[in-house]
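> give me a 3D structure for the following:
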Amino acid sequence: MSEILDSRGRTEAEAIAQFRAANYPKPSLTADMVALARDADGEISVLMIRRGGHPYLGCLALPGGFAEQQETIEQTAQREMEEETGVTGLTPKLIGVYSRPGRDPRGWVVSAVYGTVVDASRIHAEAADDAASVGWYRIGRDGDGALTLTGPEGTVSASGLAFDHAEILEDAVRALIG
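This is a model prediction of the structure:
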C-alpha cells in the first residue's frame, strides 16, 4: 500500500521535515482558577489574590499564571493555585478559553480557565509567590447591575480587577452556580 501524498506531492514525513514552526506566531499560554463558595445565606464568594507584581500591580485577580512545557494546562491551573494561595486538592472544571487580543498588556496571551465550588470553611489560603494577599470576596452588584467584590479591604468594582477577570468571573458563576 502506497503512502498518501498531499497536494504538493509530499509524504507525511516530508511535510513534517519541511514544517517551520517559526512561520507561525505563538501565544503565551496561561491558566487561571476560580474557586467559588456559597454561604448559608446563599451569598457567593470567590477566592482572589491581590497582585504583587506588574502588570496590574495591586489589583485583584484570579490565581493563575504561565504554563510550563512539561505540564497539562489543568496542572498549570492547580499549580498556580497552590503557588499563590497554598490551596490544593481542588477538582477543577473547564470554564472556557479566553483569547481576546489585548487581554494582557504583555502580549498575545491565551488563558484556559478552570473553576470549582468549595466549602470556604475548609479552605486555608495564604498568599505566596507573586500574590501580595489572598482573601474571599463576596460577589455582588452595584446599582447599575455591574459586578462588585467585597472583601477584607472593602469593595472593588469590576473595572478594578486585573486583565479580563471580571468577564471570566461572570462566566464562572454562570457555569458553576447557574
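
> poorly predicted segments of the chain, please.
1 (pLDDT under 70).

> which element is the most centrally placed residue in it on?
Nearest residue to the geometric centre of the chain (CA atoms, centre = their mean): residue 32, 1.7 Å. Residue 32 is part of strand 28-38 when elements are defined by DSSP states H and E.

> just the buried positions in that strand, please.
29-37 (16 or more other CB atoms under 10 Å). C-beta here means a position set from N, CA and C on the backbone, and glycine is covered the same way.

> who are the packing partners of it?
strand 44-51, strand 64-66, helix 73-85, strand 109-117, helix 165-176 (3 or more CB pairs under 8 Å, 6 or more residues apart in numbering; DSSP states H and E).

> out of these, nearest to residue 3?
helix 73-85 (33.6 Å; CB to CB).

> tell me what that closest one is packed against?
Checked by 3+ CB pairs under 8 Å, 6+ apart, helix 73-85 has strand 28-38, strand 44-51, strand 64-66, strand 109-117, strand 131-141 packed alongside it.

> what about it, distance to the chain center?
9 Å (CA atoms, centre = their mean, to the nearest Å).

> before we move on, what about stretch 109-125?
In this view, stretch 109-125 has its centroid 9 Å away from the chain centroid, taken as CA atoms, centre = their mean.

> with stretch 56-73 instead?
6 Å.

> end-to-end on that stretch?
One end of stretch 56-73 sits 23 Å from the other (CA to CA, to the nearest Å).

> got the buried residues for it?
56, 59-65, 67, 73.

> got a markdown table for the helices and strands packed on strand 28-38, with distance to residue 131 too?
Output for these, formatted as a markdown table (distance: least, CB to CB, whole Å):
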| stretch | distance to residue 131 |
| --- | --- |
| strand 44-51 | 4 |
| strand 64-66 | 10 |
| helix 73-85 | 4 |
| strand 109-117 | 17 |
| helix 165-176 | 14 |
